[in-house]
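Participant: Let me see the structure of the following:
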Amino acid sequence: MTSPGSRTVRTARAADVGALVDLVESAYRGDRSRIGWTHEADLLDGQRADADMVTAAVTHPAGAMLVAEEGTEIVACCQLERHDDHAYFGMFAVSPSRQGGGLGRELLAEAERFALREWGAGEMRMTVITQREDLIAWYQRRGYTRTGELTPFPYGDERFGLPRRPDLAFETLTRKLG
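Facilitator: Got it, this is the predicted structure:
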């Protein structure tokens, strides 16, 4: 797809699942994630993604998982799902040691181009934990709008982590494409 310098962006393959699980976990949970700024380690313990979740994203018939590679190392990823009137953006992770250098911004832009070019999506949607004000502000600087539409956090479902506080919720953000 794209190739800024020695970086390439491509769709994920089944052979990438292990590396993708490790990348997502390193970006969001535990002490490794604290190297970067996008972690949820103060909000959630436990896992962020497992092999089944990532495999489902990689093989989803109405979706794609994009990966950014530097050489042979996967350094960032995101999940896209095609819906009738929009594309959903999720499972966005950038290696903590590479956060803050523009890689996330580049992959988000590539995901938007992909959704528009491949699926004709007129809008991108995502959900972000409401307590992640710094991350929401980052998306707003990239043209995303808060909708005020809230979805409860799936308390009791350990596949999504172990909450460290009782007030977590997701807010939907949107951006028109094209």
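Participant: mind listing what T145 touches?
Facilitator: 173-175 (Cβ atoms under 8 Å, 6 or more residues apart in numbering). Placement of C-beta: from N, CA and C, glycine included.
Participant: Ranking by neighbours, what's the top pick from these?
Facilitator: Greatest neighbour count in these, by other Cβ atoms under 10 Å, goes to L173: 22 neighbours.
Participant: From R105, how far out is it?
Facilitator: L173 sits 15 Å away from R105, taking Cβ to Cβ, to the nearest Å as the criterion.
Participant: Now, the contacts of T145 that are in helices?
Facilitator: Counting by DSSP state H, none of the members of the contacts of T145 fall within helices.
Participant: quick check, nearest of those residues to A62?
Facilitator: In terms of Cβ to Cβ, no member of those lies closer to A62 than T174, at 18.9 Å.
Participant: Now do the contacts for the closest residue to that closest one other than its chain neighbours.
Facilitator: The spatial neighbour of T174 that comes closest, neighbours along the chain excluded (Cβ to Cβ, 6 or more residues apart in numbering), is R125 at 5.2 Å. By Cβ under 8 Å, 6+ apart, R125 lies in contact with 86-89, 172-174.
Participant: Tell me if R125 really is in a strand.
Facilitator: Yes. Read with DSSP: H, G, I helix; E, B strand; the rest coil, R125 is one of the residues of a strand.
Participant: in this protein, which helix has the most residues?
Facilitator: If you go by DSSP H, the chain has its longest helix at helix 103-119.
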